[in-house]
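**Q** Have a look at this fold, sequence not included:
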């Protein structure tokens with residue numbers, strides 16, 4: 001245990017990415033139906049940096065928020081957020097981080113881009129599915145409210161994650 005550089009790096013990166021995802025949730029641009037935040041940027045970047053181990057800080061972030069720490073957008077917290085209409089998006093962060101992490105374990109920029117795109121789609125899939133279930137709205141309305149307004153911003157965040165990860169060692 002003593003002197004295990006990989007374990008120390010995982011712990012340090014986990015703490016850093018929990019803080020960054022939390023900080024990204026506080027950077028909130030008012031938007032309808034929910035604010036735009038930078039959470040997904042840091043979830044995707046965690047996958048690019050930590051590879052498959054990115055599930056650790058992302059899962060801990062969700063657990064901390066569910067336990068009542070004010071880590072979700074604009075400092076809200078509690079299990080009610082996960083059970084509310086936006087909870088699916090937050091839960092979708094976990095498989096999204098894993099997908100990006102696995103993509104970044106492979107060599108090749110094309111695989112990295114596909115991983116980032118697939119992770120973004122996974123977040124949408126979890127979010128839209130939970131939105132449908134929790135609100136009872138139809139698929140067209142759920143897509144119109146829960147995905148379409150956010151596509152350009154999420155493409156920009158995925159692109160930023162790609163460019164930042166490319167510059168990191």
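**A** Nice, I can see it. None of these values were measured; they are calculated from a predicted model.
**Q** Could you look up the SS state of residue 80?
**A** Look at residue 80: counting by DSSP: H, G, I helix; E, B strand; the rest coil, its state is helix.
**Q** Tell me the helices and strands packed up against the longest helix seen in the chain.
**A** Ranked by residue count, the top helix of the chain under DSSP state H comes out as helix 109-135. If contacts are counted by 3 or more C-beta pairs under 8 Å, 6 or more residues apart in numbering; DSSP states H and E, helix 109-135 sits against helix 39-50, helix 87-105, helix 139-146, helix 151-167. For glycine as for every other residue, the C-beta is placed from the backbone atoms N, C-alpha and C.
**Q** any idea how far the most far-flung residue of the chain relative to its centre lies from residue 8?
**A** Relative to the mean C-alpha coordinate of the chain, counting by C-alpha atoms, centre = their mean, the farthest residue is residue 2 (31.5 Å). Separation of residue 2 from residue 8 (C-beta to C-beta, to the nearest Å) stands at 10 Å.
**Q** coming back round to it: sticking with the residue farthest from the centre of the chain, tell me its helix or strand.
**A** For residue 2, there is no helix or strand it lies in under DSSP states H and E.
**Q** Backbone torsions only: list them for the nearest residue to residue 36 once chain neighbours are set aside.
**A** What sits nearest to residue 36 in space, not counting adjacent residues and going by C-beta to C-beta, 6 or more residues apart in numbering, is residue 29, at 4.3 Å. Torsion angles at residue 29 (phi, psi; degrees, to the nearest 10) stand at phi -100, psi 120.
**Q** Let's see the pLDDT reported for residue 29.
**A** The confidence metric pLDDT takes the value 80 at residue 29.
**Q** what's near enough to touch it?
**A** Going by C-beta atoms under 8 Å, 6 or more residues apart in numbering, residue 29 touches 35-37.
**Q** How far does the longest helix of the chain sit from its chain's centre?
**A** The chain centre lies 10 Å from the centre of helix 109-135; the measure is C-alpha atoms, centre = their mean, to the nearest Å.
**Q** buried set for it?
**A** Buried residues in helix 109-135, defined by neighbour count with 16 or more other C-beta atoms under 10 Å: 112, 115-120, 122-128, 130-132.
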